[in-house]
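sequence and predicted structure, then a few things I'm wondering about:
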Amino acid sequence: MVKIQFLGHSFFKISFPDAKVLIDPFIHNTHPEKEKQYERIVDCPINEDKIKNIDMILISNEMFDHFEKSVIETIAKRDNALVVAHDSVLNELSLPRQLLRSIGVGQKTSMKNIEITA
C-alpha cells in the first residue's frame, strides 16, 4: 500500500512498501531574504529530525518554498538519500555526486521499483 502525507505548502512524503520519497521539502517558515518574511498559512507539522529513512528527494524547482537547501542536504547526507532534480537545482547542493541524479523534462529515472518521469 502507498501512503501519501501532505506536510504543508508544496511538501509531501510518499511511503511505498520499499521506499520513502519526499517532494519539495519546505519545513521552516522563512524566506532567504529576511526582510521578505514569508508566512505560511499552515506550519509544517514535522521537522527534519522526525523525517527518517528517506530514500529519495524530488525537487521540482529552485524557489525557496520548494527547495529548502539546508533541509535537503541534512536529510540526504544522514539517510544517504538520492536527490532527483534539474541540474540547475543540483548544482546548488553541497552533496556527494553519488547522491545527485539529474532529470530534465520528459526524462525518466528509477530507484527501488519507483519510476519517475519529469
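Ah, there it is. Residues are numbered from 1 along each chain as shown.

what ranges does the protein have for its strands?
Using DSSP state E, the strands of the chain run over residues 3-6, 12-15, 20-23, 56-58, 82-85, 100-102, 108-111, 114-117.

V42: which of these is closest?
Closest approach to V42 among those is made by strand 3-6 (9.2 Å; Cβ to Cβ). C-beta here means a position set from N, CA and C on the backbone, and glycine is covered the same way.

so how far is that closest one off the chain centroid?
Centroid displacement of strand 3-6 relative to its chain, using Cα atoms, centre = their mean, to the nearest Å, is 14 Å.

same thing with stretch 3-21?
10 Å.

same question for that stretch, mean pLDDT?
The average of the pLDDT scores along stretch 3-21 is 93.

just the C-alpha atoms of that stretch, please, in PDB.
This file holds the C-alpha atoms of stretch 3-21, laid out as PDB (Å, rounded to 0.1, in the frame of the first residue of the first chain):
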ATOM      1  CA  LYS A   3       0.700   6.300   1.800                       C
ATOM      2  CA  ILE A   4       0.700  10.000   0.800                       C
ATOM      3  CA  GLN A   5       1.200  12.600   3.500                       C
ATOM      4  CA  PHE A   6       0.700  16.300   2.900                       C
ATOM      5  CA  LEU A   7       3.100  18.300   5.100                       C
ATOM      6  CA  GLY A   8       2.100  21.800   4.100                       C
ATOM      7  CA  HIS A   9       2.500  24.100   1.100                       C
ATOM      8  CA  SER A  10       4.300  22.000  -1.600                       C
ATOM      9  CA  PHE A  11       5.800  19.400   0.700                       C
ATOM     10  CA  PHE A  12       4.700  15.700   0.500                       C
ATOM     11  CA  LYS A  13       6.000  12.400   1.800                       C
ATOM     12  CA  ILE A  14       5.100   9.300  -0.100                       C
ATOM     13  CA  SER A  15       5.700   6.000   1.600                       C
ATOM     14  CA  PHE A  16       5.900   3.000  -0.800                       C
ATOM     15  CA  PRO A  17       6.300  -0.600   0.600                       C
ATOM     16  CA  ASP A  18      10.100  -0.400  -0.100                       C
ATOM     17  CA  ALA A  19      10.900   3.300  -0.200                       C
ATOM     18  CA  LYS A  20      10.100   6.700   1.300                       C
ATOM     19  CA  VAL A  21      10.100   9.800  -1.000                       C
END
